[in-house]
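Chemist: just the structure for this:
(one chain, ligands or ions: 1)
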Amino acid sequence: MKTLAGVTMEMGISPCAASEQTKRANMKLLLFSDLHTDVSAAKRIVELARGADVVVGAGDFANVRHGISICIEVLRAIRIPAVLVPGNNESFEELSAACATWPKATVLHGTSTEVAGLVFFGIGGGIPITPFGDWSYDFSEAQAAELLRACPPGAVLVSHSPPKGAVDVAGSGRSLGSMAVRDAVIQLRPRLVVCGHIHASAGQQGKIGTTPIVNAGPNGLIFEFTPDK
Ligand SMILES: [Zn+2]
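Modeler: Take a look at the predicted model:
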């Protein structure tokens, strides 16, 4: 009886009371990117979202402009707010249309939104222009710099493409990130940058100044904020 009661209590306390406590103290963001139509990865993200306050998807839900709805159909089961940007494998319009059935999702590209007191700014696509050709949803550094002008200082910056010099090293060993995103980070000091795109750096974290830069990747990871004093 004793053992049974002990076990039951422990099981009852850890998921409920613990998350109530951390909710007051910290804010948990679930970060992910580059699902590329992988349904089992999308299902894992839905599970992980149960322990988070906000979900951030940094692009590439589709594959070469195909199958955008495959992962969105799974992800729309997420009941907490979600902030998304298109990758280079889908356009802003394609992602927005697919998310019409996901009421908790906000798709950003050159725009911002406020969720639970945090400001998020999003910029999608491949920056700089990729070598993949016409299908790829890409932007030049100049176009990106123009879009980034609308980014408020101190926001959470969600960019499919990483900033140059942080979590942007490809399998070839080359740094393929964006100078425009890097300049924006230096100038605007976002509190966090969430990116993806360069798969060889998925799951890695770096820093520019005091800003943490996370290449989220398809496995997803929880990033915790301590609220401002
Ligand atoms: Zn990708």
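Chemist: all helices for this protein, in order.
Modeler: 2-25, 39-49, 68-75, 92-98, 141-148, 179-188 (DSSP state H).
Chemist: ok, G154 to the ion distance?
Modeler: As for G154, its distance to the ion is 28 Å (criterion: CB to the ion, to the nearest Å). Placement of C-beta: from N, CA and C, glycine included.
Chemist: next one: phi and psi at that residue?
Modeler: phi 70, psi 10 (degrees, to the nearest 10).
Chemist: check whether it really touches R191, as I assumed.
Modeler: Yes - look at G154 against R191 with CB atoms under 8 Å: they come within range, at 5.8 Å.
Chemist: what residues does this structure have near the ion?
Modeler: D34, D60 (CB under 5 Å from the ion).
Chemist: where does pLDDT dip in the chain?
Modeler: Flagging of the chain using pLDDT under 70 yields the residue ranges 1-25, 227-229.
Chemist: one more time with 80, if that's ok
Modeler: The chain contains residues with pLDDT under 80 at 1-25, 226-229.
Chemist: am I right that V167 is in contact with A216?
Modeler: No - counting by CB under 8 Å, V167 does not reach A216; the two are 9.4 Å apart.
Chemist: now L188. Nearest residue, chain neighbours left out?
Modeler: P153 (4.6 Å; CB to CB, 6 or more residues apart in numbering).
Chemist: what's the burial count for the one you found?
Modeler: 12 (other CB atoms under 10 Å).
Chemist: can you pull the contacts of it?
Modeler: P153 sits next to L188, R189, P190 when contact means CB atoms under 8 Å, 6 or more residues apart in numbering.
Chemist: residues near S140, how many?
Modeler: Neighbour count for S140, taken as other CB under 10 Å: 13.
Chemist: contacting residues for it?
Modeler: S140 neighbours (CB under 8 Å, 6+ apart): I127, P128, I129.
Chemist: try 7 Å
Modeler: If you count contacts by CB atoms under 7 Å, 6 or more residues apart in numbering, S140 has them with P128, I129.
Chemist: phi and psi next, for it.
Modeler: phi -70, psi 160.
Chemist: D60 - nearest residue in space that isn't next to it in sequence?
Modeler: That would be G87: by CB to CB, 6+ apart, it lies 3.1 Å from D60.
Chemist: could you check how far that neighbour is from R79?
Modeler: Distance, G87 to R79, by CB to CB, to the nearest Å: 24 Å.
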